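[1] build the 3D model from these lines:
(one chain, ligands or ions: 2)
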Amino acid sequence: MSFLRMDELDLSGKRVMIREDFNVPLEAGRVTSDARLRAAIPTIKLALDGGAALILLSHLGRPVEGQHDEELSLAPVAAHLSGLLDQPVRLLRDWLDGVDVQTGEVVLCENVRFNPGEKSNDETLARAIASLCDIFVMDAFGTAHRAQASTEGVIRFAAEACAGPLLSRELYELESALTDPQRPMLAIVGGSKVSSKLTVLESLLTRVDELIVGGGIANTFIAASGHDVGQSLYEPGLIHDAQRLIRLAHEKGGEIPIPKDVVVAKSFSKDADAYVRSVDEVQPDELILDIGPLTSVDYAAIIQGAGTVIWNGPVGVFEFENFAAGTRAIADAIEISNAFSIAGGGDTLAAIDQFDVADGISYISTGGGAFLEYVEGKSLPAVAALEARFSR
Ligand code: ADP
Ligand code: MG
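    Ligands and ions are numbered 1, 2, ... in the order given. The predicted model follows:
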């Protein structure tokens, strides 16, 4: 992977525009989790120390394009960021006609998704954004898999474009983990739906030595092995795909283990009573909401034997205490293992926080969708655009 990096450029006196991922949770006009803002601080400080006039860009949520939506304004982000940086961060509501920013100053442009043409990667919009800066820095790994005006488009038209330190580090870590991994290599893919992760499962099967499925995904595999899953979340339409993946694993001399035991309930709720059942004893009125304790022990042992672990997706409804034990066991096993471990995914990160295991994981990816697409072996459009500029 070859592209220009921010630390290779002289930023002094330049208008430097950084595409950030400031898509943070808000409640009543306040930032409730500022991990993404804190992650961006070193890049911002580096650019300021380098003598840049800074213009920051980000999206927030999913507004209707072409409409200003006060609920999805970046105003709370500007306020919070200003506190973290200990200097004013000016929010610009209308910024496409021109940005006035001095060396040492930081301005934050209002939500890029308020602009028509952002999502469709409109060339006129991309050129307009590009014209606002001397150097464009792509530092939002979490959006690198989307070809949009403020990600891929602007890279093609900016006077200079490079990768920021967060993006560079992320790509470096993922590449090192996946290209020459310590064996055996284990992937744990949980979460709600096979359909959203079918291509990931397929591509992982070709690279890893072992694959563990969990959550709603495991339910489809349980059904594919001929067990009744009652009222569980599963995808009957994907049973054939699950069977094909199981066969594929066998052909490679491995297997996709089916949980021995599961935790079930009669309703999807945090107060539902939990029962442990053998996987072949799930009742027609029950839902599988977690892996059982015997399965947790089995999976923890597989994790201890692995040289590399890639983790995406909780293995149960960890948001409900009664159904969190399986995901906690996986998280704890990864934390204490000596394997090189990589984790990614929105809910996976929430689980890592909840079980306080971040320090025991070698690398935590900030990108949900981008992480999965990278693992699938897909090219990320914004990264591809940086590479294309570099080779020109
Ligand atoms: P990530 O964001 O980490 O990629 P997903 O979005 O694919 O993960 O899936 C996370 C969700 O899957 C969680 O909200 C969790 O409650 C849900 N989930 C896990 N196991 C089950 C299950 N057995 N039944 C229903 N939902 C489940
Ligand atoms: Mg999710």
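
[2] alpha carbons only for contacts and neighbour counts from here, please
    Fine.

[3] which SSE is the residue in the stretch 101-250 of the chain that ligand 2 sits nearest to in?
    Closest contact between the stretch 101-250 of the chain and ligand 2, by Cα to the ion, is at Gly191 (7.1 Å). Counting by DSSP states H and E, no helix or strand carries Gly191.

[4] how about the helices in the stretch 101-250 of the chain?
    Under the criterion DSSP state H, counting those that start in this stretch, helices of the stretch 101-250 of the chain are mapped to 123-130, 154-157, 165-179, 198-207, 215-224, 239-251.

[5] which residue comes closest to Ala329 once chain neighbours are left out?
    Spatial nearest neighbour of Ala329, chain neighbours left out: Ser296 (6.1 Å); criterion: Cα to Cα, 6 or more residues apart in numbering.

[6] same thing with Glu281?
    The shortest distance from Glu281 to any residue other than its chain neighbours is 7.9 Å, reached at Asp228 (Cα to Cα, 6+ apart).

[7] what's the one you found in contact with, if anything?
    222, 280-284 (Cα atoms under 8 Å, 6 or more residues apart in numbering).

[8] give me the phi and psi for the residue nearest to Ala329.
    The phi/psi pair for Ser296 (degrees, to the nearest 10) reads phi -60, psi -40.

[9] which strands and helices sit next to the host helix or strand of Ile334?
    Using DSSP H and E, Ile334 sits within helix 325-336. Counting contacts by 3 or more Cα pairs under 8 Å, 6 or more residues apart in numbering; DSSP states H and E, helix 325-336 packs against strand 287-291, helix 293-304, helix 346-354.

[10] outside of that helix, which residues touch it?
    290-293, 296-297, 299-300, 303-304, 309, 314-316, 318, 341, 351-352, 355, 357-361.

[11] again, 6 Å this time
    Around helix 325-336, the neighbours that count as contacts under Cα atoms under 6 Å, 6 or more residues apart in numbering are 291, 296, 300, 314-315, 357, 360-361.

[12] pull the CA atoms of it into PDB?
    Taking Å, rounded to 0.1, in the frame of the first residue of the first chain, the C-alpha atoms of helix 325-336 are listed here in PDB:
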ATOM      1  CA  ALA A 325     -22.000 -14.100  29.700                       C
ATOM      2  CA  GLY A 326     -21.000 -15.600  26.400                       C
ATOM      3  CA  THR A 327     -19.700 -12.400  24.900                       C
ATOM      4  CA  ARG A 328     -18.000 -11.600  28.200                       C
ATOM      5  CA  ALA A 329     -16.200 -15.000  28.100                       C
ATOM      6  CA  ILE A 330     -15.000 -14.400  24.500                       C
ATOM      7  CA  ALA A 331     -13.800 -10.900  25.500                       C
ATOM      8  CA  ASP A 332     -12.000 -12.200  28.600                       C
ATOM      9  CA  ALA A 333     -10.400 -15.000  26.700                       C
ATOM     10  CA  ILE A 334      -9.100 -12.600  24.000                       C
ATOM     11  CA  GLU A 335      -7.900 -10.200  26.700                       C
ATOM     12  CA  ILE A 336      -5.700 -12.900  28.400                       C
END
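
[13] return the residues of the stretch 1-150 of the chain in contact with ligand 2.
    The stretch 1-150 of the chain comes close to ligand 2 at no residue, as judged by Cα under 5 Å from the ion.

[14] how about the strands in the stretch 1-150 of the chain?
    Taking DSSP state E, counting those that start in this stretch as the test, the strands found in the stretch 1-150 of the chain are 15-19, 26-27, 30-31, 53-57, 89-92, 106-109, 135-138.
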